[in-house]
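Engineer: Fold the stuff below for me.
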Amino acid sequence: MDLTRAVAGPYRSGVTCPVSEPDGTFRGVTKDRAKAAEWTGKAAEAGVPEAQVEYGVMLFKGEGVAVDEQRAAKMFRMSAEQGNAVAQNRLARLYANGVAVGPADPVQAAKWHLLAREAGVADFTLDILLAKLTPEQRAKKPPVSQPIFRTHPITGRTILYCNPGYAIRIDGLPEAESDQLLHYLFKHQEQEKYFHAHKWAEGDVLMWDNIGTVHNAVPDYGPNELRYMRRVQVMATKDYARLAA
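Structural biologist: From the prediction side, this is the model:
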């Protein structure tokens, strides 16, 4: 049982029921937004995705805690990166409107919107999302077409160069047909036989072929836990000129 969430719920809703305080005592609970925020925040910091979404909302609204939009955005991101579709939807909105995440970023907005839509949570269309951008912002981020399938310049194998983080639409297809085909391709990528999960240890060096790999960091550490990592990315040279032509 997640005690932090069990306590936060009654405090937020005002339901009177026996719950355990940190000192082990039991008592009835009355509505207390500050207490609700306190316990929801503890659950969020402990890495509970649902609590991170709830706490993010509290931080945005100032519900039982001081308004802190940047911290709220951080909570949404932590939850979104764990696959919480509600958080992905909220994060898409922040990027679409340029709130608490810097200037509006249509690429990031589209990325999180599509992930949320895949789970059936997104409550606005990509067209509406992009329509919020000014002409100047749209000009800085024009759509870019890439081949779905490419030939690896070294191995000669055919690779699937398409993933839900960036692929929005297949050129030349109606939207419904494009969505259906993209869904099929993304599900193909997600097969367990293609997975590798790396458990990091001090001194590890991990290398992957970026041209044919979809990678994702798992946020299995708290916001107060520091990580020190170095990343080096080698620039493509063998087929870059041909693709850019």
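
Engineer: Secondary structure class of residue 228, three-state.
Structural biologist: Three-state assignment for residue 228 (DSSP: H, G, I helix; E, B strand; the rest coil): coil.

Engineer: Could you report the separation of the one residue sitting closest to the centre of the chain from residue 99?
Structural biologist: Taking CA atoms, centre = their mean, the centroid of the chain lies closest to residue 80, which sits 3.3 Å from it. In this view, residue 80 and residue 99 are 15 Å apart by CB to CB, to the nearest Å. Using the backbone N, CA and C atoms, a C-beta is placed for each residue, glycine as well.

Engineer: burial of the nearest residue to residue 168 once chain neighbours are set aside, as a residue count?
Structural biologist: Residue nearest to residue 168 in three dimensions, not counting chain neighbours: residue 110, with 5.5 Å by CB to CB, 6 or more residues apart in numbering. Neighbourhood size, residue 110 [other CB atoms under 10 Å]: 23.

Engineer: backbone phi and psi for residue 110, please?
Structural biologist: phi -70, psi -40 (degrees, to the nearest 10).

Engineer: ok, the residue nearest to the centre of the chain to residue 97 distance?
Structural biologist: Applying CB to CB to residue 80 and residue 97 gives a distance of 16 Å.

Engineer: okay but residue 82 is in contact with residue 48, surely?
Structural biologist: No: in this structure, residue 82 is not within contact of residue 48 by CB atoms under 8 Å, at 9.2 Å.

Engineer: So for these two, which residues contact both of them?
Structural biologist: Between them, residue 82 and residue 48 share no contacting residue under CB atoms under 8 Å, 6 or more residues apart in numbering.

Engineer: So the two - more neighbours on which side?
Structural biologist: residue 48 (21 against 17).

Engineer: In the record's domain split, what are the boundaries for the protein?
Structural biologist: Listed by automatic domain parsing, the domain ranges of the chain are 3-140, 143-245.

Engineer: Residue 182 against residue 163, yeah?
Structural biologist: No: Residue 182 is beyond contact range of residue 163, at 9.7 Å (criterion: CB under 8 Å).

Engineer: higher neighbour count, the two?
Structural biologist: residue 182 (21 against 16).

Engineer: can you point me to the longest helix in the chain?
Structural biologist: In the chain, with assignment by DSSP state H, the single longest helix is helix 175-189.

Engineer: Name the surrounding residues that touch it.
Structural biologist: Residues from elsewhere that reach helix 175-189, judged by CB under 8 Å, 6+ apart: 118, 148, 160, 162-164, 167, 169-170, 173, 214.
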